[in-house]
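**Q** here is the input, now give the coordinates:
(2 chains, ligands or ions: 2)
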Amino acid sequence: MSSIKEKFNQISPSEFFYRNRDLAGFSNPSRSLYTAVREFVENGLDACDAKGILPDIHLTIKAVDPEKPDPKQYILTVKDNGPGIESKHVPLAFGTVLYGSKFGLKQARGMFGLGATMAILYGQITTNKPVTVKSSTDAKISNEYELLLDIQKNKPVILKHKTKEVARKGLSVSIFLEGDYSKAGSKIRDYVYQTSLITPYASITFDDPKGEKYPYPRMINTMPKPPTIIRPHPYGTDVETIRRMMIESQFEIPTIDDAMIEKVRKDLGLSKKNLSFTAIMEKARKRWKTLSRQVRVVIALMSFLKMDFEKLNKIRIEDLDVPNKKLFYWDFGDSSSKSIDMDPESQYYKQLTNTVQGETLTAFLTKKFQRVGPTTAVKFAEFAKFKPEKRIGTMTNQELAKLSDSLQKFEDFMGPDPSCLAPLGEEPLEKGMRKFFKPDFLTVIQRSASAYSGFPFVVEMGIAYGGEISTRGIKVYRFANRIPLLYDEGSDVVLKVINDIDWSRYKAKGDPPLVIVSHICSTRIPYKTAGKENVADRQEIERELRLAIQFMARKLSVFMNKRGQAEAAKKRANLYAKYVPLIAQFCTELAGKKKEPNFQKLLQEEKPIENE
Amino acid sequence: MSKKTDSKIKAASKKALDKQKNILEMLKSHGAKIYNDLDKGEFPKFSIPSRSVSNIVYDKKLRQYILGNSSALRSSRNTSQLRSFTQLMWLAFFANRLTNEKKSSTLRDIYYSSQAFEIDFEDQSESDNIIVDLEAVTSRPREDFHIFPEERSSIFGDLNIEYTIPGYEGKSMNLSNHPDGYAIGPSLTTAELVDTSAEIVIAIEKGGLFTRFVEEQVDKKFKSIIINTGGQAPRSTRTLLKRLHDEMNLPVIILTDGDVYGEHIAMVIKSGSANAAHLRELTVPDAKWVGVWATDIEKYKLPTIPMTESDIKRCYDLQKDPRYLDGIWKKELEVFLRLKRKAELEAFSKYGLTNITDKYLPQKLELAKSL
Ligand SMILES: Nc1ncnc2c1ncn2[C@@H]1O[C@H](COP(=O)(O)OP(=O)(O)OP(=O)(O)O)[C@@H](O)[C@H]1O
Ligand SMILES: [Mg+2]
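**A** Ligands and ions are numbered 1, 2, ... in the order given. Predicted coordinates for the structure are as follows:
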């Protein structure tokens, strides 16, 4: 549901991640350089993807002092042509940990909200130099920041901020960091190479510290459809998530400030002039149906307070004690807390209790989850032994646990909505692979979406054989949410599945020149570590991978058979062409003839079958 | 030369001519069939008697191994046969030339000659094999196509022959003029056997003893023709033995070492080898093995040497051969197995160099009459 707005959430201090930086892939100068490259390149690609912009990513790594031996200081710069970040968000996005815009349920490369900041943090710790971020959201003005991170407070320290005129949108990040390019170089080049394979619609260039250029031009000009943000599926939502969703769903008692009063006036269609309390209530009764919920709550409060706008402006609601039917407020006039009783028979009282107790269970389920309609919601309530009209806000902790439990067990929910996923698609994958490997045989498949514990995922894969593939044996390129996975491949689920397959059954014996590209897309890839290098084996994912591989392997074996036949036919024809004329020559003399028999007919019929 | 021999020679050379004509005809008809197939746009094929073990059977009447009824189709369409098909065609073509021009060649020659025609044999054993194929298809021994093995065995004794090979036609020769004996080659095998004073043919396994026999004038003393088989008798030698038996009515006796191999040398002369089951003109069923028997070892108290592992295995193998199921063949094998020892022809030298010709041979010749 795209109506959920992307919002920046700040959810945890950075101190923890400073202590646990190994987990995020910043363990040593070599790996840190590689991880930093990844974090910035992926952020750039994410930003472009989200806005449907064909990405142009420029990565530069320069040694501060090229003469020095590794490990040494490098300047890492990644520049993109994406939407940029609004000026005021820049310090927060790059200066705090767990500050990201990608927590909503849609597929993006980033998911933890800490990648960029961790890289910046690492750079700062090893070089004591600030990060430079230049961002333009309008292709006119670029906001350029120099930031340091205050690790204890999880707060950015802005050293410099200036603006400049520019002609292009996009963002560029530049950090100083301790790195080891002689060790990390091949990994980084692999990363860039493989990223361009899985992002054929991007143009990526890499200028390395030795002055080498690695340009990967765009291979296709169509973007895959950007994923949409969706509501969560009931499967896979734990008690904590439900509690958070509940708090969001409960309509909080609005702060009655100038802005709110202005809103109420407008909704009631009142002009600037002041109206008496009764006149306001009269107007509200007439317009009740058209009023927003927020406004209704304010009117309900006013009905008990019996105040006009002027008086209302001078108090602040403190608490609403529904069971005791009391309303507490702070009076700025005499600086004291006051209370009034509420008439439980009043229709306004009902409005307020509903607000505090939240929605009914069925309304909560239909509004907050995907794949739950009114009928399913009622069926579910029955299944979980809740009254459908049970107010969500009145649930005890036990009831909440029961609710979350039943959500996992109820079997009639439809599978998760995969529209939040962004697989590359069969055509782009095939085109990319064809241009990349120039194989003799190529097949790709995108499986239909499936889910593991409530998280939708899609598996897409390709197999290429022969042609210009020079590697021997099965070479696997693993991707997850369009990120190449280069480290720790031993423990990965894709490798496990590929190794389980008896390739000789599919005519790929010995060390075939075979390339397998595997791409898993999910709103949450089950990574084994925050370093995002290998995918844990989940039964459902394993199954999809296996089916995809078997499907392609069957096609491969058909190809191999055909090729075998074609080769055999060619070989046969060659043999005939060599021997039949000799037979003709010998039998001519044997038979005492002068003229050779007409054996050309025979050779014609046995022309080799051309390779497809 | 007497009138009688003269007419005999004429008849003989006519026979040789007829034979040559027959062979050429036969090759031509094979060639014509292949030619027609090709001309019709069909892959030529022919059938060839199967030479697999399962198709080699022992014919009691013929007293030799023969091929059974199963045959295999050789098709030039089948690419795994195409090469050998072509090789065989070439060989027929080449044999045709040889026969036509009355030129002889050896197995080794064939191997090399092929190279002039883009026919590549991997090694001589491959070309030897194709020669056997030609024999099987035509049921003719390779000698008929003027193809001879290299191994030479030799002959000595009062036998008049007349050559039929080009350049020597009509030339005659007495085979007791040269004490080293005469090599048995293509010219001898194809020569006309004119006449002889001999009454028996003694085939002996070893060159050393052959020389001894010539020195001791065994040919004169026992009115015999002596033939050195040089181990396992080559096919030309067996052909000659057969001709001496059939054409000159001479009985054939065989003397070998006193071991299982010797016994089998005798058997091959008598009833052929499984390898040549496709041919029928190489056996002398009436030939007699007179020694050295296993029982002779004890009887003559010959110095012996122990049998090797492979000697013993060979004994057991031969016990499965139908020809070894009765008579002396069976008995001697059993004795060899019991003694686990063997004796060579030379062993008689213990009792003096001429012991074998003076004592042993006369006894055996006497014995042969009753065998
Ligand atoms: N190049 C960019 N263009 C636009 N926005 C960006 C760019 N780089 C980062 N951002 C914003 O800054 C936020 C923080 O980025 P960060 O890398 O720290 O976290 P993330 O990408 O959300 O998750 P992860 O930790 O998995 O990388 C992102 O969520 C995004 O909103
Ligand atoms: Mg990121």
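**Q** what's the local residue count around the nearest residue to A:Arg287 once chain neighbours are set aside?
**A** Setting aside the residues directly before and after it, A:Arg287 is nearest to A:Leu268 in space (C-beta to C-beta, 6 or more residues apart in numbering or on different chains), at 6.0 Å. For every residue, glycine as well, the C-beta is placed using N, CA and C. The burial count assigned to A:Leu268 is 17, neighbours taken as other C-beta atoms under 10 Å in any protein chain shown.
**Q** try A:Val580
**A** Neighbours of A:Val580 (other C-beta under 10 Å): 23.
**Q** and B:Gln64, by the same measure?
**A** 22.
**Q** list the contacts of it.
**A** Remark: with contacts taken as C-beta atoms under 8 Å, 6 or more residues apart in numbering or on different chains, B:Gln64 is in contact with B:58, B:271-272, B:277, B:280, B:283, B:285.
**Q** can you show me the helices along the stretch 1-150 of chain B?
**A** Using DSSP state H, counting those that start in this stretch, the helices of the stretch 1-150 of chain B run over B:3-39, B:79-101, B:107-113, B:124-138.
**Q** my guess is A:Ser32 contacts A:Glu39. True?
**A** No. A:Ser32 lies out of contact with A:Glu39 (C-beta atoms under 8 Å); the separation is 10.3 Å.
**Q** common neighbours of those two, please.
**A** Jointly contacting A:Ser32 and A:Glu39 under the rule C-beta under 8 Å, 6+ apart are A:Ala119.
**Q** B:Tyr324: what's it in contact with?
**A** Contacts of B:Tyr324 by C-beta under 8 Å, 6+ apart are B:267, B:318, B:330, B:333.
**Q** list the helices and strands the helix or strand hosting B:Asp296 packs on?
**A** Assigned by DSSP states H and E, B:Asp296 belongs to helix B:294-299. Packed against helix B:294-299 by the contact rule (3 or more C-beta pairs under 8 Å, 6 or more residues apart in numbering or on different chains; DSSP states H and E) you find helix B:327-339.
**Q** what packs against the helix it packs on?
**A** Applying 3+ C-beta pairs under 8 Å, 6+ apart, we find helix B:327-339 packed against helix B:260-271, helix B:294-299, helix B:309-319.
**Q** sorry, back to before: top of the contacts of B:Gln64 by neighbour count?
**A** Neighbour-wise, the contacts of B:Gln64 (other C-beta under 10 Å) top out at B:Gly272, 26 neighbours.
**Q** wait, doesn't it sit right on B:Thr283?
**A** Yes. Assessed by C-beta under 8 Å, B:Gly272 is found in contact with B:Thr283 at 4.5 Å.
**Q** next, the contact list for the closest residue to chain A within chain B, please.
**A** The minimum distance from chain B to chain A, using C-beta to the nearest C-beta, falls at B:Gly31 (2.5 Å). Counting by C-beta under 8 Å, 6+ apart, B:Gly31 touches A:586-592, B:92-93, B:96.
**Q** do that again at 10 Å, thanks
**A** B:Gly31 makes contact with A:586-593, B:89, B:92-93, B:96 under the criterion C-beta atoms under 10 Å, 6 or more residues apart in numbering or on different chains.
**Q** please apply the same query to A:Ala548.
**A** By C-beta under 10 Å, 6+ apart, the neighbours of A:Ala548 are A:444-447, A:459-463, A:497, A:516, A:518-519.
**Q** doesn't it belong to a strand?
**A** No. Under the criterion used here (DSSP: H, G, I helix; E, B strand; the rest coil), A:Ala548 is helix, not part of a strand.
**Q** which residue packs closest to it, ignoring adjacent ones?
**A** A:Met461 (4.5 Å).
**Q** quick one, grab the pLDDT at the residue lying closest to A:Gly393 once chain neighbours are set aside.
**A** Nearest non-adjacent residue to A:Gly393, counting by C-beta to C-beta, 6+ apart: A:Gly358, 3.3 Å away. Predicted confidence (pLDDT) for A:Gly358: 78.
**Q** do I have it right that A:Gly358 meets A:Ile392?
**A** Yes. Counting by C-beta atoms under 10 Å, A:Ile392 is a contact partner of A:Gly358 at 4.2 Å.
**Q** who has more neighbours, those two?
**A** Set side by side, A:Gly358 and A:Ile392 show more neighbours around A:Ile392, with 24 against 20, by other C-beta under 10 Å.
**Q** how near is A:Ser196 to A:Tyr181?
**A** 20 Å (C-beta to C-beta, to the nearest Å).
**Q** try A:Ile61
**A** For A:Ile61 relative to A:Tyr181 (C-beta to C-beta), the value is 6 Å.
**Q** any common contacting residues for those two?
**A** Residues touching both A:Ile61 and A:Tyr181 by C-beta under 10 Å, 6+ apart: A:33, A:74, A:188, A:208-210.
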